[in-house]
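Enquirer: Would you be able to build a 3D model of this:
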Amino acid sequence: MNSDIAVPLLLSRVRRLKVPLQGPLLVALAYLLGAEAAFYIGTLSDQIFALFWPPNVVLFCALMIVPQRDWWLYIVAAFLAHVVAERGVGMPAPQLLVAFATNCMVALLNAYAVRRFVGDPPWFGNFRKASIYIVIAAGIAPAVSALGGAFVPILGGGALEDYWIFWSHWYLANALPNLTLGPVFLIWFSDGARWTRWKLSRRHIEPAVLAVALVCVCIVAVAAGRLTTTSFLPAILFLPLPLVLWAAVRFGEKGASGAILVVAVILTWATLHGRGLFPGEDPEHSVLALQLFLTGLSIPVLMLGALIDELRSAERTTRGLAASLVRAQDQERRRIARDLHDSTGQHLIAATLIASRIEKTLPAAAQPALRQLEDMLQQSIREVRTVSYLLHPPLLDEAGLGLALRHYIEGFLDRSSIAVELDISPSVERLAPETELVLFHVVQEALTNISRHSKSPTAQIRLMRERATNGDAVVLTIEDAGKGMPGVRGVRQLIGQKNASTRGVGLASMRERLQQIGGRLEIDSVVGRTTVRAVVPIREP
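Expert: All right, here's what the predicted structure looks like:
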């Protein structure tokens with residue numbers, strides 16, 4: 001059938017099926033641009049066989065996010081882009097068809113197996129998913145498709161006895177992009193909602209500096225490879241490794257895959273353009289050695305990034321559960337405080353009224369006992385009100401941390417002989433409810449420890465706002481002049497003691513509460529001075 005008739009007929013059938021064409025057209029464009037990028041990075045002497053081939057990743061990722069019933073349309077779009085790209089470099093038709101068949105095979109195998117064994121997105125984020133992805137996308141699928149792809153250079157005149165060399169090149173040319181480009185796109189797609197809210201901030205300085213440093217180190221490694229002997233080659237190859245590990249540890253799989261991509265592109269381009277790290281080898285063997293090195297580097301780094309992401313996810317989950325526990329505890333405290341105030345307290349007040357009513361009916365001999373009963377009832381009312389306030393002060397919700405602390409310290413002065421000085425910076429405004437609650441409980445616990453253990457006649461409480469590189473923080477400092485905790489430099493040392501006193505339990509409680517809201521506890525103690533410092537990042541209430 002004439003192509004002038006076939007293409008419009010195909011388009012008319014697609015329109016009748018009501019299939020949107022924007023997606024396939026976008027994939028075709030991305031496939032073509034990926035092929036051009038691969039040719040720019042470099043090819044072997046035949047000017048056809050590219051050793052870093054992103055188009056297959058483009059098709060694979062497209063198949064991952066579209067329904068299976070539409071796969072055929074995206075394959076057709078990729079085929080048209082493949083024809084344009086390969087004919088542009090002069091690839092004969094037999095090679096072109098075999099190359100696309102193997103490209104299509106690796107994309108289909110990847111998409112089907114990842115969907116089947118990894119499941120729904122997110123496709124990364126833990127060690128298990130990353131391991132399955134690596135086995136599929138960097139192992140089974142490219143290895144199987146390379147059995148046919150190795151015939152592409154043979155059809156172009158390559159020697160049949162070099163089949164396994166061609167197989168190795170074809171396998172690594174697909175495995176390496178799957179280890180670098182594939183995770184970048186799939187992670188980006190899984191975090192699509194967060195990418196739409198992306199804003200430039202100070203926290204993006206570190207990844208930008210890391211990327212620039214990695215590019216510079218790779219360039220230096222290439223230059224050093226040309227000037228040194230082969231005995232220094234291992235040291236030169238591993239020059240980018242510290243920065244790659246930094247990216248994996250700091251940014252998880254996003255950083256790991258991005259760093260490996262930068263290293264792979266720069267070193268492959270330099271090797272294919274005659275300025276590589278293997279000056280004594282022919283291009284085919286030097287690139288094969290580089291591909292093996294990059295693939296071997298990519299797998300453990302990507303799995304390290306997956307472990308980092310999994311640990312951080314577990315930490316977020318644990319912190320969320322701990323925060324839920326704190327909220328549940330606070331709700332229970334509020335309920336008990338309300339019951340004490342509205343029920344038990346009211347019953348005690350009613351008892352005092354009843355006692356005053358029966359006062360005139362009692363004989364004179366019973367009057368002292370009645371007075372004693374009234375005094376006990378009044379004392380019980382005061383204690384119930386105090387316990388109710390200590391469980392959850394209503395001023396904390398109504399007026400904020402500052403007024404609640406002032407009211408609490410006034411009551412603390414009545415209950416103890418310790419002179420407490422409170423200094424709240426004007427820059428400290430209303431904080432998040434959870435932050436205010438935790439800081440209030442830290443003050444409670446610290447003053448209780450001072451009253452019970454330190455024997456200090458005074459205490460100083462300061463609440464201020466401080467600027468930091470990663471954002472503002474509120475700093476709460478409680479200082480006393482008591483007997484101290486000699487030898488203690490940090491709460492963990494104190495808590496770890498076998499015979500820790502109740503003071504250690506209180507500090508452990510403070511530390512746990514602060515960690516639940518992203519804060520930290522610092523302690524410095526000598527005889528005559530103990531300082532407890534709580535630092536909490538500020539977030540909007």
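
Enquirer: For the stretch 401-541 of the chain, which segments count as strands?
Expert: Assigned by DSSP state E, counting those that start in this stretch, the strands in the stretch 401-541 of the chain fall at 419-424, 458-466, 473-480, 520-526, 529-537.

Enquirer: Contacts for the first one, please.
Expert: I take that to be strand 419-424. 402, 405-406, 409, 412-413, 447, 457-464 (C-beta atoms under 8 Å, 6 or more residues apart in numbering). For glycine as for every other residue, the C-beta is placed from the backbone atoms N, C-alpha and C.

Enquirer: quick one: low-confidence ranges for the protein?
Expert: Scanning the chain for pLDDT under 70 picks out the ranges 1-20, 42-49, 192-202, 226-232, 274-284, 326, 468-470, 486-506, 539-541.

Enquirer: just to revisit the earlier point, quick one: which of the strands of the stretch 401-541 of the chain is nearest T318?
Expert: Smallest distance to T318 across the strands of the stretch 401-541 of the chain (C-beta to C-beta): 16.1 Å, for strand 520-526.

Enquirer: Taking strand 529-537 as reference, get the angle to the closest one.
Expert: Per axes from the mean of the first three to the mean of the last three C-alpha atoms, to 10 degrees, the angle that strand 520-526 makes with strand 529-537 is 170 degrees.

Enquirer: just checking, what packs against strand 520-526?
Expert: The contact analysis (3 or more C-beta pairs under 8 Å, 6 or more residues apart in numbering; DSSP states H and E) places strand 520-526 against helix 491-495, helix 502-516, strand 529-537.

Enquirer: What residues sit buried inside that strand?
Expert: Residues L521, E522, I523, S525 are the ones in strand 520-526 that count as buried (16 or more other C-beta atoms under 10 Å).

Enquirer: swap in stretch 104-115?
Expert: For stretch 104-115, burial by neighbour count (16+ other C-beta under 10 Å) applies to C104, M105, V106, A107, L108, L109, N110, A111, Y112, A113, V114.

Enquirer: Same list, the residues you listed, but as a markdown table with secondary structure and distance to A213 please.
Expert: A markdown table is the format used below for these (DSSP: H, G, I helix; E, B strand; the rest coil; distance: C-beta to C-beta, whole Å):
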| residue | secondary structure | distance to A213 |
| --- | --- | --- |
| C104 | helix | 39 |
| M105 | helix | 39 |
| V106 | helix | 33 |
| A107 | helix | 34 |
| L108 | helix | 38 |
| L109 | helix | 37 |
| N110 | helix | 32 |
| A111 | helix | 35 |
| Y112 | helix | 39 |
| A113 | helix | 36 |
| V114 | helix | 32 |
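
Enquirer: so R334 touches P393, yeah?
Expert: No - the criterion here is C-beta atoms under 8 Å, and R334 misses it with P393 at 10.3 Å.

Enquirer: the more surrounded of the two?
Expert: Neighbours per residue, other C-beta atoms under 10 Å: of R334 and P393, the larger number sits with P393, 22 against 15.

Enquirer: sorry, back to before: ok, the contacts of strand 419-424 vs A314, which is closest?
Expert: Closest approach to A314 among those (C-beta to C-beta): L463, at 32.7 Å.

Enquirer: now V263: how far from A113?
Expert: To A113, V263 is 27 Å away according to C-beta to C-beta, to the nearest Å.

Enquirer: again, but for A221
Expert: According to C-beta to C-beta, A221 and A113 sit 35 Å apart.

Enquirer: D524 now?
Expert: Note on D524: its distance to A113, by C-beta to C-beta, is 57 Å.
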